[in-house]
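A.B. asks: make a model of this:
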Amino acid sequence: MLPLEQSKTEQQTDAGIPARKEQRDMIKQQATEFAAGCDMAPPVSMETLRNLIDQFCAEHEVDPKYHDYAAVVLNNEMWRSNVRRLPFQKRLLLLPQCLKHSESCPAMFDEYGLLCRHCGRCVIDSLCRQAEDLGYTVLIAEGSPVVMALIQTGQVEGIIGVSCLSVLERVFPYMEAGAVPGIAVPLLKEGCKDTRFDKDWITEILDDFQDASGVSVTIEPLKQAVRILFETDQLQAFFNPSEGAVVTVAMDWMAGYGKRWRPILLAGTVATLTGLNVADLPETVRQAAVAVECFHKASLIHDDIEDQDAYRYDQKTIHAEYGVPIALNTGDYLLGEGYRLLSELEVTPEQAQSIFSIASAGHKTLCLGQGDELSWRRERKPLTVDQIVEIFEKKTAPAFAVALKIGAVLADAPPELLNLLDTYSRALGIAYQIRDDWMDWKYPNDSNTPDCFSIVPAVAMICSHADDAQRLQELWLKSNQEEQLVSAIAEVVPAAALDSSIHALLDDYKKQALDAIERVKQDALKILLRRMMTKIFDNITKMGCCDDDSTLADPDHN
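C.D. replies: Now for the predicted structure:
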(Lines give C-alpha, C1' and ligand atoms only; values in the text may rest on other atoms or scores of the structure.)
Protein backbone atom coordinates (compact mmCIF):
# COMPACT_ATOMS: atom_id res chain seq x y z
CA MET A 1 0.00 0.00 0.00
CA LEU A 2 1.34 3.43 -0.96
CA PRO A 3 1.62 6.19 1.66
CA LEU A 4 -1.43 8.44 1.56
CA GLU A 5 0.10 11.45 3.22
CA GLN A 6 3.37 12.80 4.50
CA SER A 7 4.33 11.82 8.01
CA LYS A 8 4.20 14.46 10.71
CA THR A 9 7.88 13.76 11.32
CA GLU A 10 10.63 15.02 9.10
CA GLN A 11 10.77 13.33 5.70
CA GLN A 12 12.33 14.22 2.38
CA THR A 13 10.13 16.29 0.06
CA ASP A 14 10.65 17.48 -3.48
CA ALA A 15 10.44 20.80 -5.31
CA GLY A 16 11.10 23.32 -2.58
CA ILE A 17 8.53 22.32 0.05
CA PRO A 18 9.52 22.20 3.75
CA ALA A 19 10.07 18.61 4.86
CA ARG A 20 8.65 19.05 8.34
CA LYS A 21 4.88 19.41 8.64
CA GLU A 22 5.39 21.77 11.58
CA GLN A 23 7.32 24.13 9.32
CA ARG A 24 4.67 23.96 6.59
CA ASP A 25 1.94 24.70 9.14
CA MET A 26 3.92 27.66 10.48
CA ILE A 27 4.19 29.19 7.00
CA LYS A 28 0.44 28.69 6.49
CA GLN A 29 -0.35 30.41 9.81
CA GLN A 30 1.98 33.29 9.06
CA ALA A 31 0.46 33.65 5.57
CA THR A 32 -3.04 33.81 7.07
CA GLU A 33 -2.03 36.72 9.31
CA PHE A 34 -0.11 38.45 6.52
CA ALA A 35 -3.01 38.18 4.04
CA ALA A 36 -5.41 39.64 6.60
CA GLY A 37 -3.24 42.73 6.92
CA CYS A 38 -2.19 43.38 3.34
CA ASP A 39 -5.52 44.93 2.20
CA MET A 40 -5.40 43.31 -1.23
CA ALA A 41 -8.43 41.68 -2.85
CA PRO A 42 -7.92 38.77 -5.27
CA PRO A 43 -7.20 38.10 -8.05
CA VAL A 44 -3.68 39.50 -8.07
CA SER A 45 -1.17 39.37 -10.91
CA MET A 46 1.98 37.26 -10.74
CA GLU A 47 4.03 40.46 -10.41
CA THR A 48 1.97 41.64 -7.43
CA LEU A 49 2.07 38.20 -5.84
CA ARG A 50 5.84 38.01 -6.16
CA ASN A 51 6.21 41.44 -4.55
CA LEU A 52 3.99 40.34 -1.67
CA ILE A 53 5.94 37.12 -1.29
CA ASP A 54 9.26 38.97 -1.16
CA GLN A 55 7.83 41.13 1.62
CA PHE A 56 6.31 38.15 3.46
CA CYS A 57 9.44 36.00 3.27
CA ALA A 58 11.65 38.89 4.41
CA GLU A 59 9.42 39.61 7.40
CA HIS A 60 9.30 35.95 8.49
CA GLU A 61 12.81 34.92 7.40
CA VAL A 62 11.51 32.19 5.11
CA ASP A 63 14.25 30.23 3.34
CA PRO A 64 14.43 31.41 -0.34
CA LYS A 65 14.08 27.83 -1.56
CA TYR A 66 10.57 27.80 -0.08
CA HIS A 67 9.39 31.02 -1.76
CA ASP A 68 7.29 29.19 -4.39
CA TYR A 69 5.58 27.16 -1.68
CA ALA A 70 4.94 30.35 0.29
CA ALA A 71 3.46 31.96 -2.85
CA VAL A 72 0.94 29.13 -3.18
CA VAL A 73 0.01 29.37 0.49
CA LEU A 74 -0.37 33.16 0.38
CA ASN A 75 -2.48 33.04 -2.77
CA ASN A 76 -4.66 30.43 -1.05
CA GLU A 77 -5.19 32.74 1.91
CA MET A 78 -6.17 35.64 -0.34
CA TRP A 79 -8.86 33.49 -1.97
CA ARG A 80 -9.96 31.59 1.15
CA SER A 81 -12.87 33.83 2.16
CA ASN A 82 -14.27 33.72 -1.39
CA VAL A 83 -14.08 29.93 -1.52
CA ARG A 84 -15.59 29.56 1.96
CA ARG A 85 -18.69 31.48 0.84
CA LEU A 86 -19.30 29.16 -2.11
CA PRO A 87 -21.85 26.36 -1.68
CA PHE A 88 -20.26 22.92 -1.99
CA GLN A 89 -22.35 22.35 -5.13
CA LYS A 90 -20.48 25.23 -6.82
CA ARG A 91 -17.01 23.85 -6.08
CA LEU A 92 -14.78 21.58 -8.14
CA LEU A 93 -12.25 19.19 -6.62
CA LEU A 94 -9.50 18.69 -9.19
CA LEU A 95 -7.16 15.78 -8.49
CA PRO A 96 -4.16 14.63 -10.55
CA GLN A 97 -4.17 11.15 -12.04
CA CYS A 98 -0.71 10.55 -10.54
CA LEU A 99 -2.36 9.92 -7.14
CA LYS A 100 -3.71 6.58 -8.38
CA HIS A 101 -2.11 3.26 -7.45
CA SER A 102 0.51 2.89 -10.16
CA GLU A 103 0.46 -0.93 -10.33
CA SER A 104 -3.09 -2.11 -9.83
CA CYS A 105 -5.52 0.74 -10.50
CA PRO A 106 -8.68 -0.68 -12.16
CA ALA A 107 -10.00 2.77 -13.19
CA MET A 108 -11.04 3.51 -16.76
CA PHE A 109 -10.54 6.77 -18.65
CA ASP A 110 -12.89 8.86 -20.74
CA GLU A 111 -12.45 12.19 -22.50
CA TYR A 112 -12.67 14.04 -19.17
CA GLY A 113 -10.20 12.01 -17.13
CA LEU A 114 -10.01 9.05 -14.77
CA LEU A 115 -13.21 7.30 -13.60
CA CYS A 116 -12.54 6.08 -10.06
CA ARG A 117 -13.84 2.56 -9.35
CA HIS A 118 -13.65 3.14 -5.56
CA CYS A 119 -11.45 0.12 -5.02
CA GLY A 120 -9.86 1.69 -1.93
CA ARG A 121 -6.29 1.13 -3.08
CA CYS A 122 -5.34 4.81 -3.11
CA VAL A 123 -6.31 8.13 -1.59
CA ILE A 124 -8.46 9.09 -4.58
CA ASP A 125 -11.27 6.84 -3.35
CA SER A 126 -11.68 8.45 0.08
CA LEU A 127 -11.28 12.00 -1.26
CA CYS A 128 -13.86 11.44 -3.99
CA ARG A 129 -16.34 9.98 -1.54
CA GLN A 130 -15.89 12.84 0.92
CA ALA A 131 -16.17 15.53 -1.75
CA GLU A 132 -19.12 13.96 -3.57
CA ASP A 133 -21.01 13.45 -0.30
CA LEU A 134 -20.64 17.19 0.32
CA GLY A 135 -21.89 18.02 -3.18
CA TYR A 136 -18.64 18.77 -5.01
CA THR A 137 -18.03 18.13 -8.69
CA VAL A 138 -14.94 15.92 -8.86
CA LEU A 139 -12.58 15.70 -11.82
CA ILE A 140 -9.54 13.40 -11.83
CA ALA A 141 -7.52 14.75 -14.70
CA GLU A 142 -4.51 16.82 -15.54
CA GLY A 143 -5.32 20.43 -16.31
CA SER A 144 -8.10 20.48 -18.85
CA PRO A 145 -10.20 22.91 -20.90
CA VAL A 146 -13.16 21.18 -19.24
CA VAL A 147 -12.31 23.06 -16.04
CA MET A 148 -12.68 26.48 -17.64
CA ALA A 149 -15.81 25.37 -19.48
CA LEU A 150 -17.38 24.49 -16.11
CA ILE A 151 -16.34 27.90 -14.76
CA GLN A 152 -17.64 29.86 -17.76
CA THR A 153 -21.05 28.20 -17.72
CA GLY A 154 -21.52 28.82 -14.02
CA GLN A 155 -21.69 25.14 -13.06
CA VAL A 156 -18.58 25.65 -10.94
CA GLU A 157 -17.45 28.87 -9.27
CA GLY A 158 -14.32 27.77 -7.42
CA ILE A 159 -11.60 25.11 -7.58
CA ILE A 160 -9.77 23.14 -4.94
CA GLY A 161 -6.87 21.45 -6.67
CA VAL A 162 -3.95 19.18 -5.93
CA SER A 163 -0.83 19.45 -8.09
CA CYS A 164 2.93 19.83 -8.07
CA LEU A 165 4.47 23.26 -7.56
CA SER A 166 5.77 23.50 -11.12
CA VAL A 167 2.28 23.01 -12.58
CA LEU A 168 0.70 25.38 -10.05
CA GLU A 169 3.12 28.09 -11.16
CA ARG A 170 2.37 27.44 -14.83
CA VAL A 171 -1.41 27.45 -14.46
CA PHE A 172 -1.44 30.58 -12.29
CA PRO A 173 -1.81 32.98 -15.27
CA TYR A 174 -4.83 31.03 -16.51
CA MET A 175 -6.51 31.00 -13.12
CA GLU A 176 -5.75 34.71 -12.70
CA ALA A 177 -7.05 35.50 -16.20
CA GLY A 178 -10.27 33.69 -15.41
CA ALA A 179 -10.41 35.25 -11.92
CA VAL A 180 -11.15 31.77 -10.59
CA PRO A 181 -11.34 31.49 -6.79
CA GLY A 182 -9.06 28.60 -5.95
CA ILE A 183 -7.10 26.87 -3.23
CA ALA A 184 -4.15 24.68 -4.15
CA VAL A 185 -2.53 21.86 -2.22
CA PRO A 186 0.97 21.14 -3.58
CA LEU A 187 2.23 17.60 -3.91
CA LEU A 188 4.99 16.66 -1.48
CA LYS A 189 6.51 14.22 -3.93
CA GLU A 190 6.57 14.84 -7.67
CA GLY A 191 7.35 12.67 -10.67
CA CYS A 192 3.86 11.91 -12.07
CA LYS A 193 3.82 8.53 -10.30
CA ASP A 194 3.03 7.41 -6.75
CA THR A 195 2.87 11.00 -5.57
CA ARG A 196 1.74 12.10 -2.11
CA PHE A 197 0.41 15.17 -0.34
CA ASP A 198 -0.82 16.47 3.01
CA LYS A 199 -4.22 14.80 3.27
CA ASP A 200 -5.15 16.65 6.46
CA TRP A 201 -4.76 19.94 4.62
CA ILE A 202 -7.17 19.15 1.82
CA THR A 203 -9.67 17.48 4.15
CA GLU A 204 -9.80 20.67 6.18
CA ILE A 205 -10.36 22.73 3.02
CA LEU A 206 -13.10 20.47 1.66
CA ASP A 207 -15.23 20.92 4.79
CA ASP A 208 -14.57 24.66 5.17
CA PHE A 209 -17.82 26.60 4.70
CA GLN A 210 -18.85 29.95 6.12
CA ASP A 211 -22.13 30.95 4.48
CA ALA A 212 -23.74 31.08 1.06
CA SER A 213 -23.59 34.85 0.63
CA GLY A 214 -20.94 34.79 -2.08
CA VAL A 215 -21.91 36.83 -5.14
CA SER A 216 -21.89 34.97 -8.44
CA VAL A 217 -19.99 36.89 -11.09
CA THR A 218 -19.98 34.13 -13.67
CA ILE A 219 -20.15 35.73 -17.09
CA GLU A 220 -22.47 33.32 -18.93
CA PRO A 221 -25.40 33.56 -16.46
CA LEU A 222 -24.88 37.33 -16.40
CA LYS A 223 -24.98 37.47 -20.20
CA GLN A 224 -28.14 35.37 -20.25
CA ALA A 225 -29.89 37.60 -17.70
CA VAL A 226 -29.04 40.68 -19.79
CA ARG A 227 -29.84 39.03 -23.11
CA ILE A 228 -33.42 38.45 -21.98
CA LEU A 229 -33.88 42.22 -21.61
CA PHE A 230 -33.46 42.63 -25.36
CA GLU A 231 -36.00 40.10 -26.51
CA THR A 232 -38.77 41.85 -28.42
CA ASP A 233 -41.50 41.16 -25.86
CA GLN A 234 -39.28 42.42 -23.04
CA LEU A 235 -38.37 45.60 -24.91
CA GLN A 236 -42.06 46.49 -25.13
CA ALA A 237 -41.87 47.29 -21.41
CA PHE A 238 -39.50 50.15 -22.26
CA PHE A 239 -40.74 51.30 -25.68
CA ASN A 240 -44.19 51.99 -27.13
CA PRO A 241 -44.54 50.44 -30.63
CA SER A 242 -47.81 52.31 -31.20
CA GLU A 243 -45.95 55.62 -31.32
CA GLY A 244 -44.85 55.15 -34.93
CA ALA A 245 -42.72 53.35 -37.49
CA VAL A 246 -39.44 54.62 -36.03
CA VAL A 247 -40.09 52.61 -32.86
CA THR A 248 -40.41 49.38 -34.84
CA VAL A 249 -37.10 49.97 -36.61
CA ALA A 250 -35.40 50.91 -33.34
CA MET A 251 -36.74 47.89 -31.45
CA ASP A 252 -35.65 45.52 -34.22
CA TRP A 253 -32.17 47.07 -34.07
CA MET A 254 -32.07 46.79 -30.27
CA ALA A 255 -33.25 43.17 -30.36
CA GLY A 256 -30.77 42.23 -33.09
CA TYR A 257 -27.29 40.85 -32.76
CA GLY A 258 -24.86 42.38 -30.30
CA LYS A 259 -22.53 41.30 -27.51
CA ARG A 260 -24.22 43.62 -24.96
CA TRP A 261 -20.94 44.29 -23.13
CA ARG A 262 -22.13 47.64 -21.80
CA PRO A 263 -25.41 46.53 -20.18
CA ILE A 264 -23.58 43.44 -18.93
CA LEU A 265 -20.99 45.65 -17.25
CA LEU A 266 -23.69 47.87 -15.71
CA ALA A 267 -25.75 44.96 -14.38
CA GLY A 268 -22.67 43.07 -13.20
CA THR A 269 -21.33 46.11 -11.36
CA VAL A 270 -24.59 46.52 -9.45
CA ALA A 271 -24.79 42.80 -8.67
CA THR A 272 -21.23 42.53 -7.36
CA LEU A 273 -21.38 45.69 -5.27
CA THR A 274 -24.79 44.98 -3.71
CA GLY A 275 -24.82 41.18 -3.48
CA LEU A 276 -27.97 40.93 -5.59
CA ASN A 277 -28.42 37.87 -7.78
CA VAL A 278 -28.16 38.79 -11.46
CA ALA A 279 -31.50 37.08 -12.11
CA ASP A 280 -33.20 39.26 -9.48
CA LEU A 281 -31.96 42.71 -10.39
CA PRO A 282 -34.56 45.43 -9.72
CA GLU A 283 -36.40 47.26 -12.50
CA THR A 284 -34.22 50.34 -12.01
CA VAL A 285 -31.10 48.40 -12.95
CA ARG A 286 -32.79 46.69 -15.89
CA GLN A 287 -34.00 50.05 -17.21
CA ALA A 288 -30.54 51.62 -16.86
CA ALA A 289 -29.02 48.66 -18.70
CA VAL A 290 -31.42 49.17 -21.62
CA ALA A 291 -30.60 52.89 -21.61
CA VAL A 292 -26.84 52.40 -22.03
CA GLU A 293 -27.51 49.97 -24.89
CA CYS A 294 -29.74 52.63 -26.50
CA PHE A 295 -26.77 55.00 -26.48
CA HIS A 296 -24.47 52.34 -27.92
CA LYS A 297 -26.83 51.21 -30.66
CA ALA A 298 -27.52 54.84 -31.63
CA SER A 299 -23.78 55.49 -31.93
CA LEU A 300 -23.41 52.45 -34.21
CA ILE A 301 -26.13 53.71 -36.55
CA HIS A 302 -24.48 57.12 -36.83
CA ASP A 303 -21.00 55.62 -37.10
CA ASP A 304 -22.09 53.34 -39.96
CA ILE A 305 -23.49 56.34 -41.86
CA GLU A 306 -20.36 58.42 -41.30
CA ASP A 307 -18.05 55.54 -42.30
CA GLN A 308 -20.34 54.49 -45.19
CA ASP A 309 -20.41 50.90 -43.92
CA ALA A 310 -23.04 48.72 -45.61
CA TYR A 311 -22.83 45.79 -43.17
CA ARG A 312 -22.61 45.23 -39.44
CA TYR A 313 -22.96 41.86 -37.70
CA ASP A 314 -23.02 40.39 -41.25
CA GLN A 315 -26.38 42.17 -41.74
CA LYS A 316 -27.24 45.30 -43.67
CA THR A 317 -26.78 48.47 -41.64
CA ILE A 318 -29.84 50.58 -40.91
CA HIS A 319 -29.01 53.19 -43.55
CA ALA A 320 -28.25 50.49 -46.15
CA GLU A 321 -31.62 48.87 -45.41
CA TYR A 322 -33.86 51.92 -44.98
CA GLY A 323 -31.86 54.90 -46.25
CA VAL A 324 -29.89 57.62 -44.48
CA PRO A 325 -32.86 59.79 -43.38
CA ILE A 326 -34.59 56.92 -41.54
CA ALA A 327 -31.28 55.77 -40.06
CA LEU A 328 -30.48 59.23 -38.72
CA ASN A 329 -33.94 59.54 -37.24
CA THR A 330 -33.69 56.10 -35.63
CA GLY A 331 -30.35 56.93 -34.06
CA ASP A 332 -31.65 60.23 -32.73
CA TYR A 333 -34.75 58.48 -31.37
CA LEU A 334 -32.61 55.96 -29.46
CA LEU A 335 -30.54 58.76 -27.94
CA GLY A 336 -33.70 60.46 -26.75
CA GLU A 337 -35.10 57.23 -25.37
CA GLY A 338 -31.86 56.52 -23.55
CA TYR A 339 -32.06 59.82 -21.71
CA ARG A 340 -35.80 59.34 -21.07
CA LEU A 341 -35.16 55.95 -19.49
CA LEU A 342 -32.47 57.46 -17.27
CA SER A 343 -34.75 60.34 -16.29
CA GLU A 344 -37.44 57.91 -15.13
CA LEU A 345 -35.16 55.86 -12.86
CA GLU A 346 -36.36 55.64 -9.26
CA VAL A 347 -33.21 57.01 -7.65
CA THR A 348 -32.27 59.81 -5.26
CA PRO A 349 -31.76 63.34 -6.65
CA GLU A 350 -28.03 63.01 -6.01
CA GLN A 351 -27.87 59.73 -7.94
CA ALA A 352 -29.92 61.22 -10.79
CA GLN A 353 -27.56 64.16 -11.08
CA SER A 354 -24.50 61.88 -11.13
CA ILE A 355 -26.06 59.55 -13.71
CA PHE A 356 -26.97 62.38 -16.09
CA SER A 357 -23.55 63.96 -15.67
CA ILE A 358 -21.85 60.64 -16.48
CA ALA A 359 -24.06 59.95 -19.51
CA SER A 360 -23.82 63.44 -21.00
CA ALA A 361 -20.05 63.67 -20.50
CA GLY A 362 -19.61 60.30 -22.18
CA HIS A 363 -21.86 61.34 -25.05
CA LYS A 364 -19.89 64.54 -25.59
CA THR A 365 -16.49 62.78 -25.48
CA LEU A 366 -17.62 60.16 -27.98
CA CYS A 367 -18.78 62.89 -30.39
CA LEU A 368 -15.46 64.69 -30.04
CA GLY A 369 -13.59 61.50 -30.89
CA GLN A 370 -15.81 60.78 -33.86
CA GLY A 371 -15.39 64.38 -34.94
CA ASP A 372 -11.59 63.98 -34.92
CA GLU A 373 -11.91 60.88 -37.09
CA LEU A 374 -14.25 62.62 -39.56
CA SER A 375 -11.89 65.56 -39.72
CA TRP A 376 -9.06 63.19 -40.66
CA ARG A 377 -11.16 61.59 -43.39
CA ARG A 378 -11.71 65.03 -44.88
CA GLU A 379 -8.21 66.45 -44.52
CA ARG A 380 -6.13 63.22 -44.78
CA LYS A 381 -3.14 64.33 -42.76
CA PRO A 382 -0.52 61.98 -41.26
CA LEU A 383 -1.30 60.66 -37.77
CA THR A 384 1.02 59.07 -35.27
CA VAL A 385 0.11 55.98 -33.25
CA ASP A 386 -0.37 58.18 -30.17
CA GLN A 387 -2.78 60.46 -32.04
CA ILE A 388 -4.88 57.52 -33.20
CA VAL A 389 -4.88 56.09 -29.68
CA GLU A 390 -6.14 59.46 -28.39
CA ILE A 391 -9.09 59.23 -30.79
CA PHE A 392 -9.76 55.66 -29.65
CA GLU A 393 -9.77 56.93 -26.07
CA LYS A 394 -12.52 59.40 -26.95
CA LYS A 395 -14.55 57.12 -29.24
CA THR A 396 -14.56 53.72 -27.54
CA ALA A 397 -13.67 54.14 -23.88
CA PRO A 398 -16.63 56.38 -22.85
CA ALA A 399 -19.25 53.70 -23.51
CA PHE A 400 -17.50 51.31 -21.10
CA ALA A 401 -17.02 54.06 -18.52
CA VAL A 402 -20.66 55.20 -18.71
CA ALA A 403 -21.95 51.67 -18.12
CA LEU A 404 -19.59 50.89 -15.25
CA LYS A 405 -19.97 54.23 -13.50
CA ILE A 406 -23.76 54.34 -13.74
CA GLY A 407 -23.79 50.84 -12.25
CA ALA A 408 -21.50 52.03 -9.48
CA VAL A 409 -23.74 55.04 -8.75
CA LEU A 410 -26.81 52.80 -8.57
CA ALA A 411 -24.90 50.69 -6.01
CA ASP A 412 -23.85 53.77 -3.97
CA ALA A 413 -20.15 53.13 -4.61
CA PRO A 414 -17.54 55.56 -3.23
CA PRO A 415 -16.12 58.28 -5.55
CA GLU A 416 -12.65 56.73 -5.58
CA LEU A 417 -14.06 53.61 -7.23
CA LEU A 418 -15.59 55.70 -10.02
CA ASN A 419 -12.14 57.17 -10.69
CA LEU A 420 -10.66 53.67 -10.95
CA LEU A 421 -13.44 52.64 -13.32
CA ASP A 422 -12.54 55.61 -15.52
CA THR A 423 -8.91 54.47 -15.64
CA TYR A 424 -9.92 50.87 -16.36
CA SER A 425 -12.37 51.93 -19.08
CA ARG A 426 -9.83 54.13 -20.85
CA ALA A 427 -7.32 51.29 -21.16
CA LEU A 428 -10.01 48.71 -21.94
CA GLY A 429 -11.54 50.87 -24.68
CA ILE A 430 -8.20 51.54 -26.36
CA ALA A 431 -7.23 47.86 -26.22
CA TYR A 432 -10.65 46.87 -27.55
CA GLN A 433 -10.30 49.20 -30.56
CA ILE A 434 -6.72 48.11 -31.30
CA ARG A 435 -7.80 44.47 -31.32
CA ASP A 436 -10.86 45.32 -33.44
CA ASP A 437 -8.75 47.18 -36.01
CA TRP A 438 -6.24 44.36 -36.18
CA MET A 439 -8.92 41.70 -36.65
CA ASP A 440 -10.47 43.72 -39.52
CA TRP A 441 -7.12 43.87 -41.28
CA LYS A 442 -6.02 40.33 -40.52
CA TYR A 443 -9.29 38.58 -41.37
CA PRO A 444 -11.12 40.71 -43.98
CA ASN A 445 -14.29 39.43 -45.61
CA ASP A 446 -17.10 40.69 -47.83
CA SER A 447 -18.90 42.44 -44.96
CA ASN A 448 -15.82 43.38 -42.95
CA THR A 449 -13.23 45.24 -45.01
CA PRO A 450 -10.19 47.10 -43.61
CA ASP A 451 -10.67 50.80 -42.96
CA CYS A 452 -7.91 53.31 -43.77
CA PHE A 453 -8.58 55.05 -40.45
CA SER A 454 -6.85 52.37 -38.41
CA ILE A 455 -3.98 51.78 -36.04
CA VAL A 456 -2.53 49.24 -38.47
CA PRO A 457 -1.09 51.62 -41.14
CA ALA A 458 0.44 53.82 -38.42
CA VAL A 459 2.19 50.82 -36.86
CA ALA A 460 3.17 49.45 -40.29
CA MET A 461 5.00 52.69 -41.12
CA ILE A 462 7.01 52.40 -37.91
CA CYS A 463 7.98 48.84 -38.91
CA SER A 464 9.04 49.93 -42.43
CA HIS A 465 12.19 51.35 -43.96
CA ALA A 466 12.03 55.06 -44.79
CA ASP A 467 11.24 54.66 -48.51
CA ASP A 468 8.58 52.05 -47.85
CA ALA A 469 7.08 54.14 -45.06
CA GLN A 470 6.78 57.07 -47.45
CA ARG A 471 4.96 54.88 -49.97
CA LEU A 472 2.58 53.58 -47.30
CA GLN A 473 1.85 57.10 -46.10
CA GLU A 474 1.00 58.26 -49.63
CA LEU A 475 -1.49 55.42 -50.03
CA TRP A 476 -2.84 55.95 -46.52
CA LEU A 477 -3.61 59.60 -47.18
CA LYS A 478 -5.53 58.93 -50.39
CA SER A 479 -9.22 58.08 -50.24
CA ASN A 480 -10.54 54.75 -51.53
CA GLN A 481 -7.11 53.12 -51.44
CA GLU A 482 -7.85 50.41 -48.87
CA GLU A 483 -7.05 47.44 -51.12
CA GLN A 484 -3.83 48.99 -52.40
CA LEU A 485 -2.78 49.92 -48.86
CA VAL A 486 -3.47 46.40 -47.56
CA SER A 487 -1.41 44.91 -50.41
CA ALA A 488 1.44 47.37 -49.90
CA ILE A 489 1.63 46.68 -46.16
CA ALA A 490 1.71 42.93 -46.81
CA GLU A 491 4.46 43.47 -49.37
CA VAL A 492 6.86 45.66 -47.38
CA VAL A 493 6.23 44.69 -43.72
CA PRO A 494 7.01 41.14 -42.52
CA ALA A 495 3.80 39.67 -41.11
CA ALA A 496 5.55 38.54 -37.93
CA ALA A 497 6.95 42.03 -37.28
CA LEU A 498 3.58 43.71 -37.78
CA ASP A 499 1.79 41.12 -35.65
CA SER A 500 4.38 41.46 -32.90
CA SER A 501 4.18 45.28 -32.88
CA ILE A 502 0.37 45.31 -32.78
CA HIS A 503 0.29 42.77 -29.97
CA ALA A 504 2.91 44.70 -27.99
CA LEU A 505 0.74 47.81 -28.22
CA LEU A 506 -2.38 45.84 -27.35
CA ASP A 507 -0.67 44.16 -24.39
CA ASP A 508 0.46 47.53 -23.05
CA TYR A 509 -3.11 48.81 -22.77
CA LYS A 510 -4.40 45.49 -21.46
CA LYS A 511 -1.76 45.73 -18.75
CA GLN A 512 -2.92 49.26 -17.92
CA ALA A 513 -6.45 47.90 -17.48
CA LEU A 514 -5.12 45.09 -15.28
CA ASP A 515 -3.16 47.59 -13.18
CA ALA A 516 -6.40 49.50 -12.57
CA ILE A 517 -8.13 46.27 -11.54
CA GLU A 518 -5.33 45.57 -9.05
CA ARG A 519 -6.31 48.72 -7.12
CA VAL A 520 -9.99 47.75 -6.79
CA LYS A 521 -10.80 46.77 -3.20
CA GLN A 522 -14.22 45.19 -3.81
CA ASP A 523 -13.31 41.56 -4.52
CA ALA A 524 -16.50 40.51 -6.35
CA LEU A 525 -16.28 43.52 -8.70
CA LYS A 526 -12.58 42.87 -9.19
CA ILE A 527 -13.35 39.30 -10.25
CA LEU A 528 -16.02 40.54 -12.67
CA LEU A 529 -13.72 43.11 -14.30
CA ARG A 530 -10.94 40.54 -14.70
CA ARG A 531 -13.27 37.94 -16.18
CA MET A 532 -14.74 40.49 -18.57
CA MET A 533 -11.29 41.26 -19.92
CA THR A 534 -10.63 37.58 -20.49
CA LYS A 535 -14.00 37.17 -22.19
CA ILE A 536 -13.69 40.27 -24.38
CA PHE A 537 -10.22 39.38 -25.58
CA ASP A 538 -10.97 35.68 -26.03
CA ASN A 539 -8.08 34.48 -23.90
CA ILE A 540 -7.23 30.80 -24.26
CA THR A 541 -7.35 29.09 -20.88
CA LYS A 542 -5.90 25.62 -21.18
CA MET A 543 -3.87 24.01 -18.45
CA GLY A 544 -1.56 21.03 -18.55
CA CYS A 545 0.30 18.52 -16.45
CA CYS A 546 3.96 18.90 -15.56
CA ASP A 547 4.96 16.57 -18.41
CA ASP A 548 2.62 18.05 -21.03
CA ASP A 549 3.71 21.28 -22.66
CA SER A 550 1.40 20.94 -25.65
CA THR A 551 -1.72 21.96 -23.79
CA LEU A 552 -0.33 25.23 -22.50
CA ALA A 553 -1.18 28.07 -24.83
CA ASP A 554 -0.22 31.71 -24.54
CA PRO A 555 -2.64 33.23 -22.00
CA ASP A 556 -2.61 36.52 -23.91
CA HIS A 557 -3.27 34.92 -27.28
CA ASN A 558 -6.24 36.48 -29.05
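
A.B. asks: how far does stretch 378-393 sit from its chain's centre?
C.D. replies: Centre-to-centre, stretch 378-393 and its host chain are 28 Å apart (C-alpha atoms, centre = their mean, to the nearest Å).

A.B. asks: that one: which residues count as buried?
C.D. replies: 383, 385, 388-389, 391-393 (16 or more other C-beta atoms under 10 Å). Placement of C-beta: from N, CA and C, glycine included.

A.B. asks: and stretch 310-319, by the same measure?
C.D. replies: 312, 317-319.

A.B. asks: what's the domain layout of this protein?
C.D. replies: 21-207, 219-536 (automatic domain parsing).

A.B. asks: of the buried residues of stretch 310-319, which belong to helices?
C.D. replies: In helices, defined here by DSSP state H, the members of these are 318-319.

A.B. asks: between the buried residues of stretch 310-319, which is nearest Leu345?
C.D. replies: Ile318 (27.3 Å; C-beta to C-beta).

A.B. asks: show me where pLDDT drops low in the stretch 201-350 of the chain?
C.D. replies: 210-217 (pLDDT under 70).

A.B. asks: with the chain instead?
C.D. replies: Applying pLDDT under 70 to the chain picks out residues 1-15, 101-103, 110-112, 142-146, 148, 152, 189-195, 210-217, 445-449, 538-558.

A.B. asks: can you give me the buried ones in the helix of greatest length in it?
C.D. replies: In the chain, with assignment by DSSP H, the single longest helix is helix 349-379. Going by neighbour count (16+ other C-beta under 10 Å), the buried part of helix 349-379 is 351-352, 354-355, 358-359, 362-363, 365-366, 369-370, 372-373, 376.

A.B. asks: again with stretch 461-481
C.D. replies: For stretch 461-481, by 16+ other C-beta under 10 Å, it's 461, 463-464, 468-469, 471-473, 475-477.

A.B. asks: can you give me the end-to-end span of it?
C.D. replies: 16 Å (C-alpha to C-alpha, to the nearest Å).

A.B. asks: run the chain-centre distance for it.
C.D. replies: Its chain's C-alpha centre and that of stretch 461-481 lie 36 Å apart, by C-alpha atoms, centre = their mean.

A.B. asks: check stretch 364-383 too.
C.D. replies: Chain-centre distance of stretch 364-383: 30 Å, with C-alpha atoms, centre = their mean.

A.B. asks: surely Val180 is in a helix?
C.D. replies: No. Read with DSSP: H, G, I helix; E, B strand; the rest coil, Val180 is coil and lies in no helix.

A.B. asks: ok so, going back, between the buried residues of stretch 310-319, which is nearest Val73?
C.D. replies: Nearest member of the buried residues of stretch 310-319 to Val73, counting by C-beta to C-beta, is Arg312, at 49.9 Å.

A.B. asks: how much space between the closest residue in space to that closest one that isn't next to it in sequence and Pro263?
C.D. replies: Nearest residue to Arg312 in three dimensions, chain neighbours excluded: Asp304, at 5.9 Å (C-beta to C-beta, 6 or more residues apart in numbering). As judged by C-beta to C-beta, to the nearest Å, Asp304 and Pro263 stand 20 Å apart.

A.B. asks: neighbour count winner among those two?
C.D. replies: Each of Asp304 and Pro263 has its neighbours counted (other C-beta atoms under 10 Å); Pro263 has more, 28 against 20.

A.B. asks: verify the stated contact: the more buried one with Leu404.
C.D. replies: No. With contact defined as C-beta atoms under 8 Å, Pro263 does not count as touching Leu404 (11.2 Å).

A.B. asks: that's a helix at Ser81, yeah?
C.D. replies: Yes. Counting by three-state DSSP, Ser81 falls inside a helix.

A.B. asks: what's the neighbour count on it?
C.D. replies: 16.

A.B. asks: ok, now how distant is Gln473 from Ala466?
C.D. replies: Counting by C-beta to C-beta, the gap from Gln473 to Ala466 is 11 Å.

A.B. asks: which ones are touching Thr203?
C.D. replies: For Thr203, the contact set (C-beta atoms under 8 Å, 6 or more residues apart in numbering) comprises Gln130.
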